[in-house]
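Q: Sequence first, predicted model second:
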There are 2 protein chains.
Amino acid sequence: MVTGMVAGRARMVVIGGDAAGMSAASQARRGKGPDLLEIVAFERGPDTSYSACGIPYWIGGLVTGRDALIARTPDVFRLRQQIDVRTRTLVDAIDTTAREVRVTELDTGRQYSERYDDLVIATGSVPVTPPIPGSDGSDLNGVFAVHGLGDGERIRTHLETGRIASAVVVGAGYVGLETAEALMARGVAVTVLDHAAAPMTTLDPDMSEHVATAIKESGLGLILGDGLAELVPDDSGRVRAVRTTSGRRLDAELVILALGVRPEVALAEKAGIPLGPTGAIVVDRRMRTDTPGVWAAGDCVESTHLLSGRPVNVALGTHANKQGRVAGENIGGGYAAFPGVLGTAATKVCRTEVARTGLSTREASEAGFGVVSVVVESTTRAGYYPDAAAIRVKLIAERGTGRMLGGQIVGYEESAKRIDILATAIWNGMTAQEFFFADLSYAPPYSPVLDPVVIAARQLHDAVRRDLPQGLE
Amino acid sequence: MVTGMVAGRARMVVIGGDAAGMSAASQARRGKGPDLLEIVAFERGPDTSYSACGIPYWIGGLVTGRDALIARTPDVFRLRQQIDVRTRTLVDAIDTTAREVRVTELDTGRQYSERYDDLVIATGSVPVTPPIPGSDGSDLNGVFAVHGLGDGERIRTHLETGRIASAVVVGAGYVGLETAEALMARGVAVTVLDHAAAPMTTLDPDMSEHVATAIKESGLGLILGDGLAELVPDDSGRVRAVRTTSGRRLDAELVILALGVRPEVALAEKAGIPLGPTGAIVVDRRMRTDTPGVWAAGDCVESTHLLSGRPVNVALGTHANKQGRVAGENIGGGYAAFPGVLGTAATKVCRTEVARTGLSTREASEAGFGVVSVVVESTTRAGYYPDAAAIRVKLIAERGTGRMLGGQIVGYEESAKRIDILATAIWNGMTAQEFFFADLSYAPPYSPVLDPVVIAARQLHDAVRRDLPQGLE
């Protein structure tokens, strides 16, 4: 028997102490007390359960301290839930036959193995780095991803010690834009660079163009259709500028690489746990991999997109939290299943709120849907009410049936949260007409008599009808 | 043939030129052009399609002009849609056998009849008045309802000419509280009086108590468990005070009666068109009364509550708008059906946002449901994000099944709109567990990693499970 194991107790081992891993541990603990289940969680870094999504706001100074981003410290898990959290401990390998993991304590170098009955792989994701020297931040000072709390700390230090006047953010997605805004708030002249023709390519072009306008109006520089070609250092090994693929040179004493993430699956892959077409770990609805006793959750797994039916890899704290809970519920002796995702997401670019759910027009077409769509401009409050702000809603439906497939919102204050109304409607397979008749609230401070999303549904229903061949209506 | 009728054209007559009536007229016109359908709309007042819900904000000065509250003037209907709107015209009677209405032009006294093929009764509602002398405003100056634009005008005039220092608002429902806040914004000392033990009795007591706290903290006086007994005039016939049922005397140079509304069904009743148990006109899903050629829509009809299955009479612009559209679609040769209501509503009391949907605990019990509920306190944004505000969410589910039956929200900025997420979930019959897994958005400016409504769903699911008899889980 492996040292430390008590006879009769099962042991759950978790790899990764962030949202997915610690949700799994917590939920398993709720199902089985310490007398029945021993829980060990390994985390490479010093922290557990932190908000990666909050890092841009910490950089920008909206969030005051690093600690504010930590939802629960290791000690809270240890003391309140008897979860044996071992931080600064790297898992080197998984042996699925012996059912054990081999780990290294980073501070002491000590190596040991730990047996498991159930293993949860919650290794998360790693930032995508371009194939450009210096882009991994190791040999060039001033080049950062925005991924872990450590990145946030390094960027803050760089800002505080460096008198940074200019920065380039590579990637005009959610994290890139949030970070660009944060840097601008710190007095830095920021240019956002993206090889795509529009920012936030998860939106349709007729919606993302309004995001582009908002970015420019906010005072951020925006260069589209151009990518990062070279990081230009000064003599001391600090970044000084970037050169773009079109040959432009942009001053940059700070470069943020926000090119998205890819699932961290090295451990799983080495252990022979199957990956799917997205490169992430394949799991079933209960978050089981195909290897006995091995579960996975969070950024490192594939989910099913509920509209396309296809596997997708979505790195989001909400999914990680829920998937972890599902794995933990099942390990703890209960039953839970993660149904899949719709691709709901939201962000804020200065005053402009942006959100999307379901399939974009392109995604819907790729998934084989014939689509009809409408765009509606309205206001967030009754038109006559003070501070009624502009909101633009795009809705996409399947031809013929009118089933709603996607929604996109760009607007000012109090716009974005409406995406959850659309997400819930789409989740339930509602047609535009059914959604039009749903009993949504109305009061002048909150919407026109018909909410913009309801007006959009009405117009979408009409558009679906008009789209029918004559005589089939 | 009746004068003015063109051979071969059908004629639609509408009684009531507000949301329901004009939506019906507009939608019928979209189905059939002027060559096929003549549309005549009678309206007692001078306006069409105005926002009654906006009147409190007009009184308070948030909305600048009367015109801002009028969505579409009679001329717009006449010129753009060839709808023959006849304002200041009272319909005196409906003859369902001859299929005609008898009307009086209020300004000329001229009376005439108009034949119809299809008639839409959209007579709306009238304010409930207590059985107290002077409460109908006719013989006592300074006593008003807040129902039509005329009421708004009279209250504004009274405020502007009267140097009003104190007011009593009778009724602590939505309109009462909105108007109380408006008067306070005009510098009036306002006391809200309600015979119930809590304001907004459509909420459960454990939620409405927080509304009561918000009312008091806002600077409004609030007297509960006490009602209006007497309106006390001065020598000139202006109200000076009110006396309450408990004998209290409250100074009031202005009294607002906000005791709710009842359906305006006198015309329908006289014509023998059946009313239901709520006192409103009975219609089917297509908005047909049981009388051939007679339709009804808006505040004057009964709807089906989708959870209780019972008839309810809900006076709300959204329903009026949709029901009118349904009647018009059917009259215009199409097919549409109004599915029913959930009882979704929202309002704002100073900084506090209040919203509800579905059944309250009492309503659910009355409808025969066994219920389980939870209350969750959370924040509108990530806890570390600036301006994260307190929000309290109550969720109610059916015992055993976990099907969500109701939601209630009391919180600060950006709280209320979340009721529409819950309304959409409940509309679709989701269980707490299903809703917990729905793919809702997350970004720190908009919610914690799990939105308060999602946290509530998780706790509700757990509560439903705990509530099961041992061994049945």
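A: Okay, I see it. Residues are numbered from 1 along each chain as shown, chains lettered A, B, ... in the order given.

Q: Which residues are in contact with the residue lying closest to residue A:418 once chain neighbours are set aside?
A: In space, and not counting its chain neighbours, residue A:418 is closest to residue A:453: 5.3 Å by CB to CB, 6 or more residues apart in numbering or on different chains. Quick note: C-beta positions are derived from backbone N, CA and C, even for glycine. Residues in contact with residue A:453 (CB atoms under 8 Å, 6 or more residues apart in numbering or on different chains) are A:393, A:395, A:407, A:418, A:421-422, A:435, A:440.

Q: would you say residue A:392 is within a strand?
A: Yes - judged by DSSP: H, G, I helix; E, B strand; the rest coil, residue A:392 forms part of a strand.

Q: ok so, going back, what helix or strand is the residue nearest to residue A:418 located in?
A: Using DSSP states H and E, residue A:453 maps to helix A:452-467.

Q: quick check: mean pLDDT across that helix?
A: In this model, helix A:452-467 has a mean pLDDT of 96.

Q: Relative to the whole chain's centre, how far out is it?
A: Computed by CA atoms, centre = their mean, to the nearest Å, the chain-centroid distance of helix A:452-467 equals 30 Å.

Q: List the buried residues in that helix.
A: Residues of helix A:452-467 classed as buried: A:452-464 (neighbour count, 16 or more other CB atoms under 10 Å in any protein chain shown).

Q: Show me chain A divided up by domain.
A: Structural domains assigned to chain A are A:10-125+A:262-331, A:143-259, A:345-467, following automatic domain parsing.

Q: What is the end-to-end distance of stretch A:209-224?
A: For stretch A:209-224, the first and last residues are 11 Å from each other (CA to CA, to the nearest Å).

Q: Quick check: buried residues in it?
A: A:210-212, A:214-215, A:218, A:220-224.

Q: so who does residue A:203 touch?
A: Going by CB under 8 Å, 6+ apart, residue A:203 touches A:211, A:354, A:356, A:360, A:408, A:410.

Q: Now the phi/psi pair for residue A:45, please.
A: Per-residue torsions, residue A:45: phi -90, psi -170 (degrees, to the nearest 10).

Q: burial of it, as a residue count?
A: Number of residues near residue A:45 (other CB atoms under 10 Å in any protein chain shown) recorded here: 17.

Q: With residue A:247 instead?
A: Neighbour count of residue A:247, defined by other CB under 10 Å: 8.

Q: quick one, phi psi at it?
A: Per-residue torsions, residue A:247: phi 100, psi 0 (degrees, to the nearest 10).

Q: Nearest residue to the residue positioned nearest the centre of chain A in space, ignoring adjacent ones along the chain?
A: The centroid of chain A falls nearest to residue A:316 when counting by CA atoms, centre = their mean (3.0 Å). Excluding the flanking residues, the one nearest residue A:316 by CB to CB, 6+ apart is residue B:442, at 6.4 Å.

Q: Now the phi/psi pair for that neighbour, please.
A: phi -150, psi 130.

Q: can you list the residues of the stretch 51-200 of chain A near chain B?
A: For the stretch 51-200 of chain A, the contact set with chain B under CB under 8 Å from any CB of the partner chain comprises A:51, A:53-54, A:57, A:62-64, A:68-69, A:71, A:174.

Q: Filter those down to the buried ones, PyMOL style.
A: The PyMOL selection below is limited to those of these classed as buried (16+ other CB under 10 Å):
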select buried, chain A and resi 51+53+54+57+62+63+68+69+71+174
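
Q: Out of the residues of the stretch 51-200 of chain A next to chain B, give me the two with the largest separation.
A: Within those, two members stand farthest from each other by CB to CB: A:64 and A:174, at 22.5 Å.

Q: rewinding a little: okay but the residue nearest to residue A:316 is in contact with residue A:319, surely?
A: No - Residue B:442 is beyond contact range of residue A:319, at 9.1 Å (criterion: CB atoms under 8 Å).

Q: still on that earlier bit, which of the buried residues of stretch A:209-224 lies closest to residue A:335?
A: Distances from residue A:335 to the buried residues of stretch A:209-224, taken by CB to CB, are shortest for residue A:211, at 41.6 Å.

Q: In the stretch 251-400 of chain A, where is pLDDT below threshold?
A: Along the stretch 251-400 of chain A, no part satisfies pLDDT under 70.

Q: What parts of it come near chain B?
A: Residues of the stretch 251-400 of chain A lying close to chain B by CB under 8 Å from any CB are A:306, A:316-319, A:321-322, A:338-348, A:353, A:355, A:357, A:382-386.

Q: how about a cut-off of 6 Å?
A: Residues of the stretch 251-400 of chain A that fall close to chain B, judged by CB under 6 Å from any CB of the partner chain: A:317-318, A:321, A:339, A:341-342, A:344, A:346-348, A:355, A:384, A:386.

Q: Turn these into TSV, including neighbour count and secondary structure.
A: Formatted as TSV, those follow (neighbours: other CB atoms under 10 Å in any protein chain shown; DSSP: H, G, I helix; E, B strand; the rest coil):
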residue	neighbour count	secondary structure
A:317	27	helix
A:318	23	helix
A:321	25	helix
A:339	16	coil
A:341	24	strand
A:342	28	coil
A:344	26	coil
A:346	26	strand
A:347	25	strand
A:348	22	strand
A:355	27	strand
A:384	22	coil
A:386	13	coil
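
Q: Looking at those, which one is closest to residue B:131?
A: Nearest member of these to residue B:131, counting by CB to CB, is residue A:384, at 35.5 Å.

Q: In this structure that closest one contacts residue B:65, no?
A: No - assessed by CB atoms under 6 Å, residue A:384 is found out of contact with residue B:65, at 8.5 Å.

Q: Now do the helices in the stretch 251-400 of chain A.
A: Assigned by DSSP state H, counting those that start in this stretch, the stretch 251-400 of chain A shows helices spanning A:266-270, A:317-331, A:361-366.

Q: got the buried residues for the first one?
A: The neighbour-count check on helix A:266-270 (16+ other CB under 10 Å) flags A:267-268 as buried.

Q: now it: how far from the chain's centre is it?
A: Averaging C-alpha positions (CA atoms, centre = their mean) puts helix A:266-270 22 Å from its chain's average.

Q: Using CSV, write out every CA atom in it.
A: Only the C-alpha atoms of helix A:266-270 are listed here, as CSV (Å, rounded to 0.1, in the frame of the first residue of the first chain):
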residue,chain,number,x,y,z
ALA,A,266,1.0,17.3,-22.7
LEU,A,267,0.5,15.1,-19.6
ALA,A,268,-2.6,13.5,-20.9
GLU,A,269,-1.1,12.8,-24.3
LYS,A,270,2.0,11.2,-22.8
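
Q: which strands and helices sit next to that helix?
A: For helix A:266-270, not one helix or strand is in contact under the criterion 3 or more CB pairs under 6 Å, 6 or more residues apart in numbering or on different chains; DSSP states H and E.
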